[in-house]
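Q: Show me the folded form of this:
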Amino acid sequence: MAADTFNSVLKALDLGLNEIRKFATARGVELDFLDPVLGKVQESLRPALGRKDRMLMARDGSRPKAMCFIDAMLDSWMELRGDRAFKDDPSIRCGLGTLGERSIVWIGQDKGTGTKGRIAANFGMPHPEGYRKAARAMRLAQRFNMPILTLIDTPGAYPGLEAEERGQACAIAENLELMATLDVPIVSFVIGEGGSGGALGIGMGNYVHMLENSMYSVISPEGCASILWADQGKVDEAVEALRFTASDLLDLGIVDSSISEGRGLPDSLDEVAAAMRASFLSNIESPSESCAVLHRANKYRRMSFHGQRSA
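A: Reported below is the predicted structural model:
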């Protein structure tokens with residue numbers, strides 16, 4: 001089943017059930033049993049979605065961006081700007097926030113909305129200053145003992161000449177080194193597209209979760225087809241080989257959970273954000289908070305052994 005067909009079916013079901021509810025409510029009839037029925041229909045449709053369908057859903061322009069989730073998850077927040085070296089990069093946004101009684105640092109990759117917003121955010125492809133701004137926020141979290149929330153949504157770091165001249169690879173490598181040594185817990189969520197080192201630059205978490213229809217890959221299928229086969233006609237083959245869906249990576253031990261998108265984003269944003277909030281709070285209260293560095297090191301060590309067994 002194509003992704004657009006899946007979304008259309010769910011929306012049609014929602015609209016139809018809403019009309020039935022209105023009709024029943026006007027006559028004093030309760031129809032609470034309809035919600036479980038809709039849930040069963042959704043669950044029966046989901047297995048029909050293939051990897052390419054989920055890739056298209058992950059890249060869908062109507063999918064909520066990082067700041068939508070920040071608004072929905074946090075009780076309050078403020079933004080920090082600039083890397084204190086070159087300029088501010090709007091493709092990575094970060095700041096301070098409150099979640100219940102906890103003060104946290106949040107970092108999110110933002111693809112922007114609308115034509116102007118997407119151009120301003122460079123379509124979610126960060127420059128080195130974006131990663132250096134994220135590092136600035138992480139050091140702030142370390143100094144004041146605040147857990148870190150990161151939201152991943154990028155096709156990859158910007159590969160342009162000016163980014164390389166300003167040290168793109170070095171900025172990402174320095175972030176990986178920094179995240180490996182932080183004493184505070186890091187919880188990462190892949191909310192859309194998680195591409196290559198551009199995603200890892202803010203994603204080396206103690207816990208990494210994926211939304212049901214997101215993707216997380218070492219390279220895009222298009223890039224994989226170009227490098228391995230020098231043939232864009234091999235994209236579908238690359239899609240199947242990369243195994244980048246939430247269920248694939250959960251089986252491989254790369255991520256910690258797959259979060260259901262309910263009746264489909266953006267309609268279910270509040271429910272998905274509530275599930276993400278609950279996961280975040282649970283993760284930062286786990287034993288890893290007392291020794292986040294050791295927990296993180298063990299996580300990636302286990303991941304490498306799991307990968308060898310799965311190969």
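Q: which neighbours does whatever helix or strand Ile104 lives in have in its sheet, and in what orientation?
A: With elements taken from DSSP states H and E, the one containing Ile104 is strand 102-109. Paired neighbours of strand 102-109 in the sheet (DSSP bridges): strand 92-99 (antiparallel), strand 148-154 (parallel).
Q: closest one to Asp256 among those?
A: Ranking the strands paired with strand 102-109 by distance to Asp256, with C-beta to C-beta as the measure, places strand 148-154 first at 13.6 Å. Placement of C-beta: from N, CA and C, glycine included.
Q: Restricting to C-alpha, output the helix or strand following that closest one in CSV.
A: With elements assigned by DSSP H and E, the helix or strand that comes after strand 148-154 is helix 161-165. C-alpha atoms of helix 161-165 as CSV (Å, rounded to 0.1, in the frame of the first residue of the first chain):
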residue,chain,number,x,y,z
LEU,A,161,32.3,23.9,-0.4
GLU,A,162,31.7,26.7,2.2
ALA,A,163,30.7,24.2,4.8
GLU,A,164,33.8,22.1,4.2
GLU,A,165,36.0,25.3,4.3
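Q: For the protein, which helix or strand comes out least confident on mean pLDDT?
A: Every helix and strand of the chain was ranked by mean pLDDT, DSSP states H and E. The lowest is helix 34-45, at a mean of 63.
Q: So for Leu182, which of the strands paired with strand 102-109 sits nearest?
A: If we rank the strands paired with strand 102-109 by C-beta to C-beta, the stretch that ends up nearest is strand 148-154, at 7.4 Å.
Q: and that closest one, how far from the chain's centre?
A: 6 Å (C-alpha atoms, centre = their mean, to the nearest Å).
Q: and it, C-alpha only, in CSV?
A: Only the C-alpha atoms of strand 148-154 are listed here, as CSV (Å, rounded to 0.1, in the frame of the first residue of the first chain):
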residue,chain,number,x,y,z
ILE,A,148,19.6,16.7,26.9
LEU,A,149,16.7,16.1,24.5
THR,A,150,17.7,15.9,20.8
LEU,A,151,15.3,15.7,17.8
ILE,A,152,16.8,14.3,14.6
ASP,A,153,15.4,15.3,11.2
THR,A,154,17.9,15.9,8.4
